[in-house]
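>>> Pasting the sequence and the predicted coordinates here, then a few questions.
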Amino acid sequence: MKNLDVHKVRRRVATGSAVTIGLALLAGCGTAAGDAAESDTVTAKRDAGHVHTVAINPADGLTYLGTHGGLLQIDGDQATWVGPQIDLMGLVAVGPDHFYASGHPGEGAGLPDPVGLIESRDGGETWTPLSRQGKSDFHTLAASETGVVGFDGALRSSADGHAWQDVTIPREPYALTSSTSGDVLLATTPEGPLRSPDAGATWQEIESAPLLQFVDWVSGDDVVGVDPEGAVWTSADAGLTWEAGSALPTGAVAMSAAPVHGGPAEIVAVSEGRLWRSTDGGGLFVSAPIPTPEA
């Protein structure tokens, strides 16, 4: 990536003030399925607007941003629109060039509002409606070998993306992630993260866990989280215990992590119009402004 600023960000531990920040961030999250009609509509002008989600595509290792104006591919200092104009509230990489997403249709998308669960198998160029069109706006999605889990005002799980069952959870989740097998789920909430060892059948508080805003599974038992103040946390035992690492200068608005062959995790966070990238598991972050795509 060209013209980058390198920042060795200092170690920082979340304090009690993070609770207030976390609550404000959670309250500021967009509408759920029942409030879809009140959501901002995507204008005809192709404009990134808000960045809602971030994913790393295993096919090319590039970063993809789910934005108000659609899917934005970041390659070095170049940004390119991919596929139709859809306000992507939820986005998760399932495999190489394989995404699940949700949100609201933009100009020419030809989809109901909200779009329900949609799927792309060509890196976001085209999207196929799978289920819950006109019903669900999944603000967070987690995918595994055994299916997909999403929150649209209720927590739901599906083995095939078509048939859904409700999942009971003690508190509304802000972000979800799943182990590769789908057996272990992690959810961030305003009162602290929750963990399910049985695909959502039961949930437990995680003792001594930090207040996390975002969380993403890397591989094996490795998980990465970011708290509301921007501190990065890692877990090597599937979310049971956490270790504080580096910190971003400010809180993040989106985060994703992916395994790197022969090395620690790659972590990408979005904060104040910039991409923060680490390829050593969060030890060192390199920052650059999000490129402006051509209209």
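Structure's in. What do you need? Quantities reported herein were computed from a predicted structural model and do not represent experimental measurements.

>>> For stretch 88-104, what is the distance to the chain centroid?
Distance of stretch 88-104 from the chain centroid (CA atoms, centre = their mean, to the nearest Å) equals 9 Å.

>>> can you count the residues close to Ala247?
Around Ala247 there are 22 other residues, counting by other CB atoms under 10 Å. In short, each C-beta sits where N, CA and C put it, glycine included.

>>> Make sure it is actually in contact with Glu229.
Yes: applying CB atoms under 8 Å, one finds Ala247 in contact with Glu229, separated by 7.1 Å.

>>> So for Ala33, what's the pLDDT?
pLDDT recorded at Ala33 is 36.

>>> Make 53 the first number, not 1, from now on.
In the new numbering, first residue 53, that becomes Ala85.

>>> Now do the SS call for the most centrally placed residue in the chain.
In the chain, the C-alpha nearest the mean C-alpha coordinate belongs to Thr105, at 4.7 Å (CA atoms, centre = their mean). Following DSSP: H, G, I helix; E, B strand; the rest coil, Thr105 is assigned to strand.

>>> Hmm, it is touching Leu117, no?
Yes: counting by CB under 8 Å, Leu117 is a contact partner of Thr105 at 7.3 Å.

>>> where do the contact lists of these two overlap?
Common contacts of Thr105 and Leu117 (CB atoms under 8 Å, 6 or more residues apart in numbering): Ala306.

>>> low-confidence ranges in this protein?
Across the chain, the ranges flagged by pLDDT under 70 are 53-97, 314, 347.

>>> hang on, Pro316 in a helix?
No: Pro316 is assigned strand when assessed by three-state DSSP, not a helix.

>>> now the nearest residue to it once chain neighbours are set aside, what's its secondary structure?
Spatial nearest neighbour of Pro316, excluding adjacent residues (CB to CB, 6 or more residues apart in numbering): Gly333 at 3.1 Å. When classified by three-state DSSP, Gly333 comes out as coil.

>>> Near Gly333, how many other residues are there?
By other CB under 10 Å, neighbour count at Gly333 equals 20.

>>> for it, what are its contacts?
276, 286, 297, 316-317, 319.
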